[in-house]
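Chemist: fold the following.
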Amino acid sequence: KLIMYSFWYKVLQPAFGPENLKLTAMDTDCFSYSVCCKTAREYEEKKQLIAPVWFDRSGFDEGDARRCMVNKKRAGCFAEENGSVEIMEARAISAKCYTYRLANGYNDTRLKGIPKYISRQLNMSHFEAVSKAASVMRDGQFGDSLGI
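Modeler: Have a look, this model is predicted:
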C-alpha cells in the first residue's frame, strides 16, 4: 500500500494536478482512477513522462508503440489490467464487485466468490440498478416508501 500511496501523492498528483484526478476504486493490490485532461494528446504526453519508471507495459499489443518489456513483472510497477485498451465506463458496488466497458466494446464483470458463468450474465445496467437502489436506501427514501 505504501507504494500505491506514494504513486498517488508523489507521482500522479504532481503530473496531472490533484484537481484533475479522481480515485474511483481501490483494493489491497490495485486501484483505478480517472484523469481529466483537455485533450487525449495532453494525457498521453503526461503519462509518457511517468510510464518508463512506474508502468509494466509488457501486456500491450505487440504492434503498440507504447509496449515496453523493461519493467515486465518488476516489483513496484503497475500493470494496466487491460493492456493498451482504455476503460471507458465502470461501476463498482464494493471491493471485488465491479464491471467495466472498454474502448473496444468488451465488457467484463468481476464478482469475487461468484462463479464466472453467473457473473458473465450481468452487465452495466445491473450494477446501475443496484447503485440506484443503494443510494435510495442511504437517502432514507426506501424506508419511507414502505411506510417504515
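
Chemist: beta-bridge partners for the residue nearest to Arg74 when sequence neighbours are not counted, please?
Modeler: Excluding the flanking residues, the one nearest Arg74 by C-beta to C-beta, 6 or more residues apart in numbering is Asp56, at 6.1 Å. In this view, the C-beta of every residue, glycine as well, is placed from N, C-alpha and C. Judged by DSSP bridges, the bridge partners of Asp56 are Ala79.

Chemist: how close does Asp56 sit to Gly113?
Modeler: 28 Å (C-beta to C-beta, to the nearest Å).

Chemist: next: Arg91.
Modeler: Distance check for Arg91 against Gly113: by C-beta to C-beta, it reads 18 Å.

Chemist: which one of the two has more residues nearby?
Modeler: Higher neighbour count among Arg91 and Gly113: Arg91, with 21 against 7, using other C-beta atoms under 10 Å.

Chemist: tell me how many other residues surround Phe55.
Modeler: As a burial measure, Phe55 scores 20 neighbours (other C-beta under 10 Å).

Chemist: one more: Asp64?
Modeler: 13.

Chemist: what's the closest non-adjacent residue to it?
Modeler: Counting by C-beta to C-beta, 6+ apart, Ser84 is the residue found nearest to Asp64 once chain neighbours are left out, at 4.8 Å.

Chemist: residue contacts, the one you found?
Modeler: Residues in contact with Ser84 (C-beta atoms under 8 Å, 6 or more residues apart in numbering) are 57, 60-61, 64, 66-67.

Chemist: any idea which element it lies in?
Modeler: Per DSSP states H and E: Ser84 is located in neither a helix nor a strand.

Chemist: before we move on, what about Arg67?
Modeler: Applying DSSP H and E, one finds Arg67 in no helix or strand.

Chemist: can you give me the helices in this protein?
Modeler: Here the chain has its helices, by DSSP state H, at 2-6, 13-16, 40-54, 116-119, 124-138, 141-145.
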